[in-house]
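Q: Structure, please.
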Amino acid sequence: MFGKKKIQKIVSLMLIFVVIGCSMGCAKPQSADIKTESDKEDKIEIGLSIDSLVIERWQRERDLFVSKAQELGAEVNVQNANGEVAEQIKQINYFIDKKMDVIVIISIDDLALGDVIAKAKKAGIKIIAYDRLIRNANVDLYLSFDNEKVGELMGKYIKKSIGNSGTVIQIKGSPTDNNVKMVQSGFESIIGTTDIDIDFACSADNWLAEIAFDATSDYLASGKVPDAIMCGNDNLAAQAIKALIEKRLGGRVCVVGQDADLEACQRIVEGTQYMTVYKPVEKLARNAAERAVSMAKNEPLELEETIFDGKYDVPYERLEPIAVTKENMDEVITGKYHQRNDIYLNVN
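A: Reported below is the predicted structural model:
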């Protein structure tokens, strides 16, 4: 009997230790859960709505923006609108529902987002218009390049290349992109001082590159050859050059674009594209991430410059673009934006 009692006592003690151990073990996850929830509440959350990832530069800038924001301790939710305005509005509403601290928008239509931005601002969310101004929306910050200067650089290069007279055709970007209007204003300010004739102009709706091929092909089919082609970006320039090459005119017409895409830089050193405008997008993306985190912390912008969006003067951070040709490719681009082996891939 004594042996049985001793065994029962030992078993009872063991059960007590097991219960205590389980209680202690169960308490740890609860504590971890509370800590995780607290961390989540403190984490800065940024929504990034991108027009489309078809264009090379947006892919690069997305990665740079996300990397810098994460480095600063923020989380970024990236959404791709695929060029659809309704989808972009849906994404911004989603960010509002998720109670983002800041929403960064690469807009598709400069006039279509006013209502949803007003809704976001009413919810206390800060708005950054990235690269493209959103009109009549009173965003908290517009961060971009000097887009009028982009147009001026294009006009100056064409003037230098063909002289004070000649024929130019224009394949402009999307008419819903406010930057296109600014680039056009800068371009006209230069071309308007010459006798250069803009013989034909069209817009590439939604930046559809194939429009540039069709427009150039149709113009050449009329029996005319322009002295220069001004393209809204390097994707459009690629298609215009494709049409020229089909007519054995590659390298004989001055074609200019913007964005310094890798293929554009390759065409420049090969001689089929004459010039592109480089915009230091690495700096733009990192600045935007820094600004977004700062705004989430309610820190002052400390910007003196503003831009009129049609109704409001909004804070404006402006970066400078640079004209890139075969002559300064290595100075501006090689080893800094693209690698030499990639740029000169097709050059013996």
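Q: Next, count neighbours for Gly166.
A: By other CB atoms under 10 Å, 18 other residues sit near Gly166. C-betas here are computed from N, CA, C, even on glycine.
Q: Who are the contact partners of it?
A: Shown in contact with Gly166 (CB atoms under 8 Å, 6 or more residues apart in numbering): Ile196, Asp197, Pro226, Asp227, Ala228.
Q: 7 Å instead, please
A: Listed by CB atoms under 7 Å, 6 or more residues apart in numbering, the contact partners of Gly166 are Ile196, Asp227, Ala228.
Q: out of these, who has the most neighbours?
A: Within those, Ala228 tops the neighbour count with 24 neighbours, counted by other CB under 10 Å.
Q: Surely it touches Gly163?
A: No: contact criterion CB atoms under 7 Å: Ala228 and Gly163 do not qualify, at 10.5 Å.
Q: now this protein, which segments are flagged as low pLDDT?
A: 1-41, 348 (pLDDT under 70).
Q: And the helices in the protein?
A: Assigned by DSSP state H, the chain shows helices spanning 2-42, 56-71, 85-97, 114-122, 147-162, 178-191, 210-221, 234-246, 262-270, 281-296, 329-332, 340-343.
Q: Let's have those in JSON lines, adding mean neighbour count and distance to Pro315.
A: JSON lines is the format used below for the helices of the chain (neighbours: other CB atoms under 10 Å; distance: least, CB to CB, whole Å):
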{"stretch": "helix 2-42", "mean neighbour count": "9", "distance to Pro315": "26"}
{"stretch": "helix 56-71", "mean neighbour count": "18", "distance to Pro315": "19"}
{"stretch": "helix 85-97", "mean neighbour count": "18", "distance to Pro315": "20"}
{"stretch": "helix 114-122", "mean neighbour count": "17", "distance to Pro315": "14"}
{"stretch": "helix 147-162", "mean neighbour count": "22", "distance to Pro315": "17"}
{"stretch": "helix 178-191", "mean neighbour count": "20", "distance to Pro315": "16"}
{"stretch": "helix 210-221", "mean neighbour count": "19", "distance to Pro315": "34"}
{"stretch": "helix 234-246", "mean neighbour count": "23", "distance to Pro315": "29"}
{"stretch": "helix 262-270", "mean neighbour count": "21", "distance to Pro315": "32"}
{"stretch": "helix 281-296", "mean neighbour count": "21", "distance to Pro315": "10"}
{"stretch": "helix 329-332", "mean neighbour count": "15", "distance to Pro315": "29"}
{"stretch": "helix 340-343", "mean neighbour count": "14", "distance to Pro315": "36"}
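Q: Save these as JSON lines, and put in distance to Ile108 too.
A: As requested, the helices of the chain are arranged in JSON lines below (distance: least, CB to CB, whole Å):
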{"stretch": "helix 2-42", "distance to Ile108": "31"}
{"stretch": "helix 56-71", "distance to Ile108": "12"}
{"stretch": "helix 85-97", "distance to Ile108": "5"}
{"stretch": "helix 114-122", "distance to Ile108": "12"}
{"stretch": "helix 147-162", "distance to Ile108": "17"}
{"stretch": "helix 178-191", "distance to Ile108": "11"}
{"stretch": "helix 210-221", "distance to Ile108": "16"}
{"stretch": "helix 234-246", "distance to Ile108": "16"}
{"stretch": "helix 262-270", "distance to Ile108": "23"}
{"stretch": "helix 281-296", "distance to Ile108": "18"}
{"stretch": "helix 329-332", "distance to Ile108": "30"}
{"stretch": "helix 340-343", "distance to Ile108": "30"}
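Q: Out of these, flag the one nearest Asn136.
A: Each of the helices of the chain has some distance to Asn136 by CB to CB; the shortest is helix 114-122, at 5.3 Å.
Q: and for that closest one, what are the contacting residues?
A: Ile89, Ile92, Asn93, Ile96, Ile103, Ile127, Ile134, Asn136, Ala137, Val139.
Q: and which of the contacts of Gly166 is nearest to Gln170?
A: For those, the nearest to Gln170 is Ala228 (9.4 Å; CB to CB).
Q: That'll do, ta.
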